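Enquirer: turn this into a structure:
(chains A and B)
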Amino acid sequence: MSQSIPDATRAIAATPQGASSRRLFALWRNFFSREVRQRYLGSVTGLAWALVHPLALLAVYHFVFTKIFRVGNFGPGSFLAFVAVALWPWLAAQEALQRGVTSLASYAGLIRKAAFPHEAIIYASVAATFALQFAGYLVVLVALAVLGEPIRLEGLLLAVPLWLVLMVAVTGLALALASLQVFVRDVEHVLMPVLMMLMYLTPILYPLTVVPRNFLPWVAANPVSWLVTRMRDALLEGRIAPQWSDAVAVAIALALFAGGLWMFRRLSPYFEDFV
Amino acid sequence: MSPPLAADAGAASRLLVLDGVGKDYPKLATRGGRLRLVANLLRGRAASESFRALDDVSFAMRRGQSLAVVGENGAGKSTLLKIVAGVIRPTRGRVEVKGRVAALLELGSGFHPEYTGYANIELAAALLGLDPGEIAGRREAIVEFADIGPHIHDPIKTYSSGMVVRLGFAIATALAPDVLITDEVLAVGDESFQKKCIAWMEKYLEGGGTLLLCSHSMYHVQKLCAHALWLDHGRVRLYDEAAIVAREYLAFHEAKSTQHREFRQQVLGDYQVTSLGLTPRGGRVEVDPVQGFDVVVEIRSPDARPPVCAVGVVRADGTPIFGTTSEVDGARGVKVAADTYAFSVTFRDLPLQPGHYLLRAHAMDPEGMRLFDHHETPFVVAGTTRELGYTHLPHEWHGQRGGA
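Expert: Got it, this is the predicted structure:
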């Protein structure tokens, strides 16, 4: 029951040490359900709006890229299926980062007055976004399949782990950026344009095959490019056999998570004074 | 500062130990400073510029031994309570906590304003690592104790401050903490709820509960706590029995609010107090209220006529309590030199409350009309009390004598 805390460091003082992981989970569950609830509470459409934004985007892209610019070479299905498969994971990552970075501020009162592991906030915020976006993704995939698009639902065997890898990586980035945001408020403002540029540098709206040869290595080196390409291979072509690049992706995601957590833990003792 | 408890308390019975605890807050002067600060923190270094909120605080608390923290605003009380509650880490020193700490830090501490009262009960449970199931049995008790009716389903941000305190107190009590930390929260809330809180607190203390209280009310400090810690500019100024700390703290404030009125009149040929001596009787350092004290005042008269001596007692803040003159009492000074007269007076059976006082002496002209010189010397009336005010008025309670 007792703990001795070395100089100037202190684990969780309010409860015995053994309970700390249980407490992290209890807190995560509490914050997670709040995050999910607050996104549909007060809105007339309820959880359905989680679908409205990506569907509207999809409609705009469909109009612009098939009626005006007339992109081609995007594989077996329609442009709609081609974009939808890649758009949802991207939107999930983008929204999770944006919400995650500012999430500490909305728990400021709690951070100033209560003792708890602050990372629970980030975990809950990112997980809530991913859960809602993934639910929307499933609805859209089924809808596309019903409409006759060549969606290979067995591709989910790879797509689900890919979502998880993406979530781990995004959690790591969110931990790092959110802890930085507490001290430097510019992070959230810089993040918006950076994400927008990254989206257009990722082959979400266009296939890698139309990228000019001299830019190709740059676009292909983008880890998100790898992810959306792999996602398309799985869900549109049914190629789900493991590749060596999967292991690299897992390693990158874990490294991002570890780095983000390290940074977060270094800075979180000082949140109370700055948040 | 060597706390009296650190040595004698067996390690097993110590609920809380702070050893040389200090806390620095980084100071930010410029925009670039923010980035530099983050860089320093990431490298595990101290901030280059910091404000020392707390320094070298040591004390130990045993089970059932309550401690009050007193001090002026900004003395570091809240920082200390936050360190004990685990909200912040100390920059220096060692903190050891055994058992469950529940903290009521200011209004609505640990509450999320957007959550309903009900959801905040769940949140409080989660903060302690309890499953929703574990809190379920206590939820009704909490709602009943808080007694805020249907508001329990409204977000906390719509609550009045009294309702927030009710719910906070109800939650803290339901979690059966080993140490309860409260920061001046009992000052809020209506009277019937305060009574409920005090009643609960007394039961908690009787049952071996431990309280870490932060209060400006010396009455509460003495009533609820055996020991007190006086923080001054982040450092421990005094750590002793609650009654003694309360006395010294009040005296400090009285002395601080004194306007040092130096009305020494340099009239030509004035009457001067040349010496003022106060001797506690019974050979003690402090004045025993029964034994009293002796005063000897020597006054030089410019024209060799016998002057009048005025003596009086004022509280440390200058509030007059009693004064008289040799003329009023028909007393005379004794000529001890060609131009000097000595006045000797004894005060006994002082109806003064324990605390700090000043003895004042004035030289007056032989007619007892003009006040010339002004001297004062401090003294301390020994003892401890929970009575209020400056003096003790003899009194008697009627009816049946109350039990425990």
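
Enquirer: what sits closest to the residue most central in space within chain A if chain neighbours are left out?
Expert: Closest to where the C-alpha atoms of chain A average out (C-alpha atoms, centre = their mean) is residue A:93, at 2.7 Å. Residue nearest to residue A:93 in three dimensions, not counting chain neighbours: residue A:170, with 5.0 Å by C-beta to C-beta, 6 or more residues apart in numbering or on different chains. C-beta: built from backbone N, CA, C; applies to glycine.

Enquirer: could you find the closest non-adjacent residue to residue 94?
Expert: I went with chain A, as the question did not name one. Closest residue in space to residue A:94, ignoring its immediate chain neighbours: residue A:195 at 5.1 Å, by C-beta to C-beta, 6+ apart.

Enquirer: wrong chain, I was asking about chain B
Expert: In this structure, residue B:94 finds its nearest non-sequential neighbour in residue B:19, 4.3 Å apart by C-beta to C-beta, 6+ apart.

Enquirer: and if you look at residue A:275?
Expert: Nearest-residue entry for residue A:275: residue A:108, 4.6 Å, with adjacent residues in sequence omitted and distances by C-beta to C-beta, 6+ apart.

Enquirer: the one you found: neighbouring residues, count only.
Expert: By other C-beta atoms under 10 Å in any protein chain shown, 16 other residues sit near residue A:108.

Enquirer: quick one, phi psi at it?
Expert: The phi/psi pair for residue A:108 (degrees, to the nearest 10) reads phi -60, psi -40.

Enquirer: so how far is residue A:271 from it?
Expert: To residue A:271, residue A:108 is 9 Å away according to C-beta to C-beta, to the nearest Å.

Enquirer: cool, residue B:224 as well?
Expert: In terms of C-beta to C-beta, residue B:224 sits 32 Å off from residue A:271.

Enquirer: same check, this time on residue A:25
Expert: Using C-beta to C-beta, we find residue A:25 at a distance of 21 Å from residue A:271.

Enquirer: quick one, which of those two is more surrounded?
Expert: Set residue A:25 next to residue A:271 and count neighbours by other C-beta under 10 Å: residue A:271 wins out with 21 against 15.

Enquirer: quick one: secondary structure of that one?
Expert: helix (DSSP: H, G, I helix; E, B strand; the rest coil).

Enquirer: that one and residue A:182 touch, don't they?
Expert: Yes - the pair residue A:271 / residue A:182 is scored as a contact, 5.4 Å apart, by C-beta atoms under 8 Å.

Enquirer: shared neighbours of these two, anything?
Expert: Residues touching both residue A:271 and residue A:182 (C-beta atoms under 8 Å, 6 or more residues apart in numbering or on different chains): residue A:104.

Enquirer: tell me the contacts of residue B:294?
Expert: B:277-279, B:281, B:344-346.

Enquirer: out of those, which are inside strands?
Expert: Here DSSP state E is the test, and the contacts of residue B:294 give B:277-279, B:344-346 as lying in strands.

Enquirer: most proximal residue of the stretch 51-200 of chain A with respect to chain B?
Expert: residue A:115 (3.4 Å; C-beta to the nearest C-beta).

Enquirer: and the strands in chain A?
Expert: Under DSSP E, chain A gives no strands.

Enquirer: could you list the low-pLDDT ranges of it?
Expert: A:1-19, A:41-47, A:72-73, A:75-76 (pLDDT under 70).

Enquirer: and with 50 instead?
Expert: The model of chain A has pLDDT under 50 over residues A:1-18.

Enquirer: now the helices for it?
Expert: Using DSSP state H, the helices of chain A run over A:20-40, A:49-62, A:79-106, A:108-113, A:119-146, A:156-183, A:187-200, A:216-221, A:223-232, A:244-267, A:271-274.

Enquirer: distance from the last one to the middle of the chain?
Expert: Spelled out, that is helix A:271-274. Average the C-alpha atoms of helix A:271-274, do the same for its chain, and the two points are 26 Å apart (C-alpha atoms, centre = their mean, to the nearest Å).

Enquirer: list the helices and strands that helix packs on?
Expert: Under the contact criterion of 3 or more C-beta pairs under 8 Å, 6 or more residues apart in numbering or on different chains; DSSP states H and E, the helices and strands touching helix A:271-274 comprise helix A:108-113, helix A:156-183.

Enquirer: and the contacts of it?
Expert: In this structure, residues lying in contact with helix A:271-274 by C-beta under 8 Å, 6+ apart are A:104, A:111-112, A:118, A:179, A:182-183, B:25-26, B:82, B:87-88.

Enquirer: possible to save these as TSV with distance to residue B:36 and neighbour count?
Expert: Putting these into TSV (distance: C-beta to C-beta, whole Å; neighbours: other C-beta atoms under 10 Å in any protein chain shown) gives the following:
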residue	distance to residue B:36	neighbour count
A:104	21	23
A:111	23	21
A:112	24	18
A:118	22	24
A:179	16	28
A:182	15	25
A:183	10	21
B:25	16	18
B:26	10	21
B:82	25	27
B:87	25	24
B:88	21	23
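
Enquirer: quick check: residues of the stretch 151-275 of chain A near chain B?
Expert: Residues of the stretch 151-275 of chain A that fall close to chain B, judged by C-beta under 8 Å from any C-beta of the partner chain: A:180, A:183-184, A:263, A:266-267, A:269-270, A:272-273.

Enquirer: re the thing from before, which one of the contacts of helix A:271-274 sits closest to residue B:71?
Expert: The closest of the contacts of helix A:271-274 to residue B:71 turns out to be residue B:82 (C-beta to C-beta; 14.4 Å).

Enquirer: all set, thanks.
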